[in-house]
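**Student:** Only the shape, not the letters, is given here:
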């Protein structure tokens, strides 16, 4: 891994969202919706534990906005 890649990865913020998903269709919809949000760079779905792991440059801001809803 180059120094640029390490610097870029250190700028990424990660949040974990608890989302109930009972099938592959649910997980695909959640993933697609999250990927459309500004600043989201990577989405990993853990369907067994009902979690969506979001990485991006503005992930922390996204978490604060979601609490206000």
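**Tutor:** Happy to help now that I have it. Just so we're clear, the structure is a prediction, and the values are computed from it rather than from any experiment.

**Student:** Let me see the backbone angles for the nearest residue to residue 14 once chain neighbours are set aside.
**Tutor:** Once flanking residues are discounted, residue 14 sits nearest to residue 55: 5.0 Å by C-beta to C-beta, 6 or more residues apart in numbering. Any C-beta I mention is one placed from the backbone N, CA and C, and that applies to glycine too. Torsion angles at residue 55 (phi, psi; degrees, to the nearest 10) stand at phi -120, psi 140.

**Student:** what are the bridge partners for residue 55, then?
**Tutor:** residue 14, residue 42 (DSSP bridges).

**Student:** for the chain, what spans make up the strands?
**Tutor:** Shown for the chain, the strands assigned by DSSP state E span residues 13-18, 40-46, 51-56.

**Student:** I'd like these as CSV, with mean neighbour count, distance to residue 33 and mean pLDDT appended.
**Tutor:** Converted to CSV, these look like this (neighbours: other C-beta atoms under 10 Å; distance: least, C-beta to C-beta, whole Å; pLDDT from 0 to 100):
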stretch, mean neighbour count, distance to residue 33, mean pLDDT
strand 13-18, 14, 11, 90
strand 40-46, 16, 9, 93
strand 51-56, 19, 9, 92
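
**Student:** quick one on the thing from earlier: ok, now which ones touch the residue nearest to residue 14?
**Tutor:** Residues in contact with residue 55, defined by C-beta atoms under 8 Å, 6 or more residues apart in numbering, are 12, 13, 14, 40, 41, 42, 43, 44.

**Student:** Look up how far residue 44 lies from it.
**Tutor:** The gap separating residue 55 from residue 44 is 8 Å, by C-beta to C-beta, to the nearest Å.

**Student:** And for residue 14?
**Tutor:** For residue 14, the distance to residue 44 - C-beta to C-beta - is 10 Å.

**Student:** What does the pLDDT read for the closest residue to residue 45 other than its chain neighbours?
**Tutor:** Once flanking residues are discounted, residue 45 sits nearest to residue 27: 4.5 Å by C-beta to C-beta, 6+ apart. For residue 27, the pLDDT comes out at 94.
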